[in-house]
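Participant: Curious how this folds, go ahead:
(one chain, ligands or ions: 2)
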Amino acid sequence: MSDETDGSANGKGDGANAVAFEGVSKGFGGKDVLCEVSFGVPKGKAMCILGRSGTGKSVTLKLMIGLMKADRGKVLIGDEEIGALNEDGLSRVRRKMGFLFQSAALFDSFSLYDNLALPLHRLDRSRSREDIDKTIDEVLDSVGLKDDKNKMPVNLSGGMRKRAGLARAIMLKPEVLLVDEPSSGLDRITSSEIDELLLKIKNEQKTTLVIVTHDIHGARRVGDEFGVLDGGHLIGLGGADELEKSENELVRKFISET
Ligand SMILES: Nc1ncnc2c1ncn2[C@@H]1O[C@H](COP(=O)(O)OP(=O)(O)OP(=O)(O)O)[C@@H](O)[C@H]1O
Ligand SMILES: [Mg+2]
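Facilitator: Ligands and ions are numbered 1, 2, ... in the order given. Next comes the predicted model:
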């Protein structure tokens, strides 16, 4: 682990973290899905969350964007506790964030263009049509969908929907980008193009990334830090080299590229 991450992956909220969990627990129907989970994602770094299906990876992202509230502990975006914000505060903090849902939720009755134009227009009603068109063309080009903007979501393939969802998440150049399984449903080439795009966003825009993924090759290309969730606990946290030497076999399996 580098010196830089050494001091900040401890979930203590030292100010250098863009996102942090401090002793976060979250359960449903009396059963804990997350149990006192703590970690921090330093500004401008990428954290990849790994783990079996149903271990709380999507729940972790939903807690970050305030779609769910922690039962115990704190979820911090910068130095703001997301669970303690009122609606105005939540909207303000969310404006700094982009979120790609696992299902790449698009509005089915709107074209791809309108799916992207809607949030742009809603955030800034004075924005000109030319400016909106330019932003949409640029972002669709970056995800390889520039010729598809007039299509309806039903006419997009699963992978295209995923890329459309990513376009919407990155369009406003968020400070923090949360991505739930960017490679699911994508072929290897498209999937690695998405990884390169995430890397570019991290390097050029200094965006902090939190990525939930099952694709370890992509994760190791983009990620600085890795967290492995199992049974409600973070059983591994650190750099790839460090986790490869973990005493926990499951951690070694998740981080291994073979
Ligand atoms: N709103 C909810 N109400 C009740 N249970 C929920 C809710 N959201 C998630 N859960 C439960 O929490 C657990 C973790 O769900 P989560 O979606 O975080 O899994 P995951 O790690 O993302 O899995 P996958 O890799 O399959 O996407 C599951 O048992 C799920 O059923
Ligand atoms: Mg999930």
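
Participant: State the helix or strand in which G165 lies.
Facilitator: helix 158-170 (DSSP states H and E).

Participant: next one: C35
Facilitator: Here C35 is assigned to strand 31-42, by DSSP H and E.

Participant: residues from this protein in reach of ligand 2?
Facilitator: Residues of the chain found near ligand 2 (Cβ under 5 Å from the ion) are S58, Q102. Backbone N, C-alpha and C define where each C-beta goes, glycine included.

Participant: And the strands in the stretch 101-250 of the chain?
Facilitator: In the stretch 101-250 of the chain, the strands defined using DSSP state E, counting those that start in this stretch lie at 176-180, 208-212, 225-230, 233-238.

Participant: picking that back up, buried ones in the helix holding G165?
Facilitator: Using 16 or more other Cβ atoms under 10 Å as the test for burial, helix 158-170 gives G159, M160, R161, K162, R163, A164, G165, L166, A167, R168, A169, I170.

Participant: How about stretch 125-136?
Facilitator: I132, T135, I136.

Participant: Packing partners of the helix holding G165?
Facilitator: Judged by 3 or more Cβ pairs under 8 Å, 6 or more residues apart in numbering; DSSP states H and E, the packing partners of helix 158-170 are strand 97-100, helix 112-123, helix 129-142, strand 176-180, helix 188-205.

Participant: could I get those as JSON lines with mean pLDDT?
Facilitator: Below are those laid out as JSON lines (pLDDT from 0 to 100):
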{"stretch": "strand 97-100", "mean pLDDT": "92"}
{"stretch": "helix 112-123", "mean pLDDT": "90"}
{"stretch": "helix 129-142", "mean pLDDT": "93"}
{"stretch": "strand 176-180", "mean pLDDT": "96"}
{"stretch": "helix 188-205", "mean pLDDT": "90"}
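
Participant: What ranges in the chain fall below the confidence cut-off?
Facilitator: 1-15 (pLDDT under 70).

Participant: cutoff 80 now
Facilitator: Applying pLDDT under 80 to the chain flags residues 1-15, 102-105, 123, 185, 258.

Participant: residues from it in reach of ligand 1?
Facilitator: Residues of the chain lying near ligand 1 by Cβ under 6 Å from any ligand atom: F28, V33, G51, S53, G54, T55, G56, K57, S58, V59, Q102.

Participant: Out of those, list just those in helices.
Facilitator: With helices taken from DSSP state H, the overlap with these comprises K57, S58, V59.

Participant: Who wins on neighbours among those residues?
Facilitator: Neighbour counts for these (other Cβ atoms under 10 Å) peak at K57, which has 24 neighbours.

Participant: okay, now the closest residue to that one other than its chain neighbours: neighbour count?
Facilitator: Distances taken as Cβ to Cβ, 6 or more residues apart in numbering put V212 closest to K57, at 4.3 Å, once the chain neighbours are dropped. The burial count assigned to V212 is 25, neighbours taken as other Cβ under 10 Å.
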